[in-house]
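Visitor: sequence? don't have it. structure:
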């Protein structure tokens, strides 16, 4: 049996909200927008999530990702597409070039 985790991402800032809300976000480890943290599924963490549910995005995942794995997921596909103009009845094609 594997333990599940909450994947919590801060979507909205707590600027202008009560200090209690900012404190809950700090307790969850969320200090900047678009920051993602992982916490085990427990009633305590679920209560904190419920307190700031309008500001965050929550998903339940099997295992947490490391910082390197999360960075790799955000990395765009290397390369680009070059479109060629059709000449002398040849069909137009696309060639993928590596950067």
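Guide: Structure received. Treat the numbers as computed from the prediction; the structure is a model and nothing was measured.
Visitor: tally of neighbours for residue 12?
Guide: The local packing of residue 12 (other C-beta atoms under 10 Å) involves 12 other residues. In short, each C-beta sits where N, CA and C put it, glycine included.
Visitor: next, count neighbours for the closest residue to it other than its chain neighbours.
Guide: Closest residue to residue 12 apart from its sequence neighbours, by C-beta to C-beta, 6 or more residues apart in numbering: residue 55 at 4.4 Å. When neighbours are counted by other C-beta under 10 Å, residue 55 registers 18.
Visitor: residue 40 pairs with what?
Guide: residue 5 (DSSP bridges).
Visitor: quick one: contacts of stretch 62-74?
Guide: Residues outside stretch 62-74 that contact it (C-beta atoms under 8 Å, 6 or more residues apart in numbering) are 2, 4-5, 7, 36, 38.
Visitor: ditto for stretch 39-49
Guide: 3-6, 8, 24, 27-29, 56, 58, 60.
Visitor: with stretch 12-19 instead?
Guide: 21-22, 25, 33, 52, 54-56.
Visitor: residue 24 is in contact with the residue nearest to residue 12, correct?
Guide: No. In this structure residue 55 lies outside contact range of residue 24 using C-beta atoms under 8 Å: 9.3 Å.
Visitor: ok so, going back, for the residue nearest to residue 12, give me its contacts.
Guide: 10-14, 21, 25.
Visitor: cutoff 10 Å now
Guide: 9-14, 17, 21, 24-25, 30, 33 (C-beta atoms under 10 Å, 6 or more residues apart in numbering).
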